[in-house]
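Chemist: Have a look; sequence and predicted model below, questions after that.
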Amino acid sequence: MLLLTKKDIINIFSMKEAIEADKEALKMYNEGKTNIPLRVNIDIPKYKGQSLFMPGYAEAMDVTGIKIVSVFPNNIEKGKPSVPAKMLLLDGETGEVISIMDGTYLTQLRTGAVAGAATDILANKNAKKMALFGTGGQAPSQLEAVLAVRDIEIVKVFDINKERAEEFAKSMQEQLKSYGATILAAESMEDALEDADVITTVTTSKRPVFDGKLVKKGAHINGIGAYTPEMQEIDEYIIKNCDKLFVDTKHGVLSEAGDLIIPINKGIISEDKVSGELGEVIIGKVLGRENEKEITVFKSVGSAILDVVTAYKIYEKAKELKVGFEFDI
């Protein structure tokens, strides 16, 4: 078995590689070359958390995997990741575990990358301004993913805790300085949204984090944080009135995402509002953005295929570069 730490992954695998891995994963999914059961969620109400078990199989790669990931928002107050996780990879032919790797960073990487993939495919090519809502453990990769696919000049970061937004912006300005963007804490929700070409939400909020009526024509929105039927980051106005709405997987989003489930249950929209899955755009089955004025929305709840494919790409590169710690038990 090969043990890979966060440091190992960072040293050998870039955000751009992760974005391409996610595109390949969604393509496989839409070509019917995967087996991805709906993940199992276990509530831990005592600590306001959840543990999720996400298995998947990629036939083309002969690899199976399972990620065990927990979401404990209060961990941020303890100086711990709010989304701790481990990833196990199994040889698809023998069923033997071939790798254990840091799943917290893998989750951050592939979740950022899927929003990066959606932004690359759906956002206007001349996008210059980004609004980021949320500063938790997944926020850095969400920010980097957009910077990796568009020449963003200014990012406005909004968090309900202004001090945290300022600290995050300062840290990201240094960490991501190679991209050349100016990263600032927004004074308000309205300030963040003003003239934003790309909007990403990555919070655990149960109510919308911005006013959809303030979204400008031509904007692209990534809804990433809401992963249960009770969570709702994106308001019903923009879900109803956006020109096109894409998802990572219909089965996952329509089963788990409050952003869509809540307005569907209210009769504001129907399931037909979903224009298609991002993988369907990739394989040319459905059209993506058709003009610069369309408002596009991408809603993701995550899928194990993103973990399995990205993890296997990391594993392959680590073997090639002789990175990681080999062991047996």
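Modeler: Received, thanks.
Chemist: which residues in the stretch 101-250 of the chain form helices?
Modeler: 103-122, 139-149, 162-175, 189-193, 236-241, 250-256 (DSSP state H, counting those that start in this stretch).
Chemist: Point out where this structure drops to low pLDDT.
Modeler: For the chain, no stretch has pLDDT under 70.
Chemist: still on that earlier bit, hey, which of the helices of the stretch 101-250 of the chain is tucked in deepest?
Modeler: Across the helices of the stretch 101-250 of the chain, averaging neighbours per residue (mean count of other Cβ atoms under 10 Å) puts helix 103-122 on top, at a mean of 27. C-beta here means a position set from N, CA and C on the backbone, and glycine is covered the same way.
Chemist: For residue 201, find the nearest of the helices of the stretch 101-250 of the chain.
Modeler: Using Cβ to Cβ as the measure, helix 139-149 is the one of the helices of the stretch 101-250 of the chain that comes nearest residue 201, at 8.9 Å.
Chemist: can I get the CA coordinates of the closest one in PDB?
Modeler: Output of helix 139-149 as PDB, limited to C-alpha atoms (Å, rounded to 0.1, in the frame of the first residue of the first chain):
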ATOM      1  CA  ALA A 139     -12.700  28.000   0.300                       C
ATOM      2  CA  PRO A 140      -9.000  28.200  -0.700                       C
ATOM      3  CA  SER A 141      -9.400  25.500  -3.400                       C
ATOM      4  CA  GLN A 142     -12.600  27.000  -4.600                       C
ATOM      5  CA  LEU A 143     -10.800  30.300  -5.100                       C
ATOM      6  CA  GLU A 144      -7.700  28.800  -6.700                       C
ATOM      7  CA  ALA A 145      -9.900  26.700  -9.100                       C
ATOM      8  CA  VAL A 146     -11.500  29.800 -10.600                       C
ATOM      9  CA  LEU A 147      -8.200  31.600 -10.800                       C
ATOM     10  CA  ALA A 148      -6.800  28.600 -12.600                       C
ATOM     11  CA  VAL A 149      -9.300  28.900 -15.500                       C
END
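Chemist: residues making contact with that helix?
Modeler: Applying Cβ atoms under 8 Å, 6 or more residues apart in numbering, the contact partners of helix 139-149 are 15-16, 18-19, 108-109, 111-113, 115-117, 119-120, 123, 130, 132, 134, 152, 155, 157, 168, 172, 175-176, 179, 181, 183, 198, 200, 202, 222, 224.
Chemist: Go again with 6 Å.
Modeler: 15-16, 108-109, 112-113, 115-116, 119-120, 130, 132, 172, 176, 179, 181, 198, 200, 202 (Cβ atoms under 6 Å, 6 or more residues apart in numbering).
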